[in-house]
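# next comes the sequence, and after it the predicted model I'd like to discuss.
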Amino acid sequence: MYSKILIANDGSAGAARALDAAIELARRLRSSLDMVCVEELPRFPTSVDEVVEEEAEAKKMFDEIILTSRKQAKAARVKLEAHVIPGHAVSSIVEFVEREKFDLLVVGFMGHSALYNRLIGSTTDRLVELAPCKVLVVK
C-alpha cells in the first residue's frame, strides 16, 4: 500500500500524535519511515549573528526531537531516518516529498480558531492542498 512514509515533525503535540500513527502504520505495513524537521530561518535577519544563533537553537531543539522519535520508533522495531532541512515549512516539505518520492505524508493537526484558519490558514491545510502524495492528518 505505502512503501515510503514521511512524518513531518515540528515538535508540537499534534506532531507527536502523528508520529505515533506513522510508526504504527510503518510497522504494520513494513514500510520505510522517514521524518523531516524544517529549520525555519528568519525571513529578514538583521545580522549574520542572528542567523547563527537561530540555527544553533533549532539544532538543539531538533536534536531532542530526533533522539526521542528514534527511541520511540526503535521500541516499535521500526527504523526511522531523520532529516533536518532549511527553509519554510510548506514549500520545503513539498519539495522534499517530490524529490524523495514518498507515498504518504503524515502530519499532525493543530486546532486553531475558525477565524485564524480563514484569515491565515494552516500549515496542515496547505500541505494537504499542495503535497504530491496522499496525506494523513492525525488529530
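Perfect, I can see it now. Numbering: from 1, shown residues only.
# and the helices in the chain, which stretches?
Here the chain has its helices, by DSSP state H, at 13-29, 48-75, 89-100, 114-119, 123-130.
# any stretches of the protein with poor pLDDT?
Low-confidence regions of the chain, defined here as pLDDT under 70, cover residues 41-59, 111-121.
# what does stretch 17-30 contact?
Contact with stretch 17-30 is made by 1-3, 5, 7-9, 31-33, 35, 69, 72-73, 76-78, 80, 104, 106-108, 136-139, as judged by CB atoms under 8 Å, 6 or more residues apart in numbering. To be clear about C-beta, it is placed using only N, CA and C from the backbone, and glycine gets the same treatment.
# again, only this time at 6 Å
With CB atoms under 6 Å, 6 or more residues apart in numbering as the test, stretch 17-30 has contacts from 1-2, 5, 7, 33, 69, 73, 76, 78, 106-108, 138.
# for E40, which of the helices of the chain is the nearest?
For the helices of the chain, distance to E40 was read as CB to CB. The smallest value, 6.5 Å, belongs to helix 89-100.
# dump the closest one to PDB, restricted to CA.
What follows is helix 89-100, C-alpha atoms only, in PDB (Å, rounded to 0.1, in the frame of the first residue of the first chain):
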ATOM      1  CA  ALA A  89       7.700  24.600   6.200                       C
ATOM      2  CA  VAL A  90       5.200  24.000   3.400                       C
ATOM      3  CA  SER A  91       7.400  24.600   0.400                       C
ATOM      4  CA  SER A  92      10.400  22.700   1.900                       C
ATOM      5  CA  ILE A  93       8.300  19.700   2.800                       C
ATOM      6  CA  VAL A  94       6.500  19.600  -0.600                       C
ATOM      7  CA  GLU A  95       9.900  19.800  -2.400                       C
ATOM      8  CA  PHE A  96      11.300  17.000  -0.100                       C
ATOM      9  CA  VAL A  97       8.300  14.800  -0.800                       C
ATOM     10  CA  GLU A  98       8.700  15.300  -4.500                       C
ATOM     11  CA  ARG A  99      12.400  14.700  -4.600                       C
ATOM     12  CA  GLU A 100      12.400  11.600  -2.400                       C
END
